[in-house]
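Participant: I would like the atomic coordinates for the input below:
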Amino acid sequence: MSAAQAALYVALIAGVFSLLGVVLGPLVKSRWIEPIQEQKKTVGRVTHALTYYRNVGPEAPTSSASRAAEARKTYRDLSAELRSNLEVLSPYGVFSLLRLVLPKEQLRRAAANLTVLASTAQKGPQAEDVLRARYEVKKNLKILDQSGA
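Facilitator: Next comes the predicted model:
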């Protein structure tokens with residue numbers, strides 16, 4: 001094989017890999033990278049909501065009916081976002097084994113407890129079912145409790 005043929009083969013191989021990168025790169029990004037990042041962002045929004053709506057309830061100093069309605073809608077939306085992430089990211093189990101995402105059952109339990117929080121937002125922050133649901137959401141999403149809430 002001559003030097004010219006070797007250079008041609010190298011150029012062809014480089015071209016094929018470049019084409020694969022251009023074609024597969026956006027697919028990998030939209031199919032796997034973005035959903036993994038979205039799950040992490042959703043966990044961040046859950047953390048924010050748990051802190052922001054901590055004192056919603058009838059006896060809370062900053063309580064109002066509109067604030068309780070806002071908390072219910074936010075908790076329900078976040079629950080739906082967590083559930084939808086399970087459907088968008090495929091194969092979810094592989095990414096869970098690699099610890100790139102939370103385990104499927106933990107995500108489902110967190111989503112279910114966010115729905116409980118949406119249903120009990122008017123009760124107040126010290127109600128037993130509210131405290132239990134907040135604890136379960138934090139535990140399942142691995143949210144560190146640094147505020148004592």
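
Participant: Which stretches in this protein count as helices?
Facilitator: Remark: helices assigned in the chain by DSSP state H are 3-28, 34-52, 65-88, 92-97, 104-119, 128-141.

Participant: Take those and write them to JSON lines, including mean pLDDT and mean neighbour count.
Facilitator: C-beta here means a position set from N, CA and C on the backbone, and glycine is covered the same way. Supplementary listing: the helices of the chain in JSON lines, determined by pLDDT from 0 to 100; neighbours: other CB atoms under 10 Å:
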{"stretch": "helix 3-28", "mean pLDDT": "86", "mean neighbour count": "10"}
{"stretch": "helix 34-52", "mean pLDDT": "96", "mean neighbour count": "16"}
{"stretch": "helix 65-88", "mean pLDDT": "93", "mean neighbour count": "17"}
{"stretch": "helix 92-97", "mean pLDDT": "92", "mean neighbour count": "14"}
{"stretch": "helix 104-119", "mean pLDDT": "96", "mean neighbour count": "19"}
{"stretch": "helix 128-141", "mean pLDDT": "95", "mean neighbour count": "18"}
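
Participant: so how far is V88 from A121?
Facilitator: Between A121 and V88 the computed distance is 27 Å (CB to CB, to the nearest Å).

Participant: ditto for Y52
Facilitator: Noted for Y52: a distance of 26 Å to V88, by CB to CB.

Participant: Equivalent analysis for A49, please.
Facilitator: Distance, A49 to V88, using CB to CB: 21 Å.

Participant: can you check N113 too?
Facilitator: Going from N113 to V88 by CB to CB gives 21 Å.

Participant: now do L12
Facilitator: For L12, the distance to V88 - CB to CB - is 36 Å.

Participant: cool, V94 as well?
Facilitator: With the distance defined as CB to CB, V94 ends up 14 Å from V88.

Participant: do F95 as well
Facilitator: Note on F95: its distance to V88, by CB to CB, is 11 Å.

Participant: Now the spatially most central residue of the chain. Nearest residue, chain neighbours left out?
Facilitator: When CA atoms, centre = their mean is applied to the chain, the residue found nearest the centroid is Q39 (2.4 Å). Nearest residue to Q39 in three dimensions, chain neighbours excluded: N85, at 4.8 Å (CB to CB, 6 or more residues apart in numbering).
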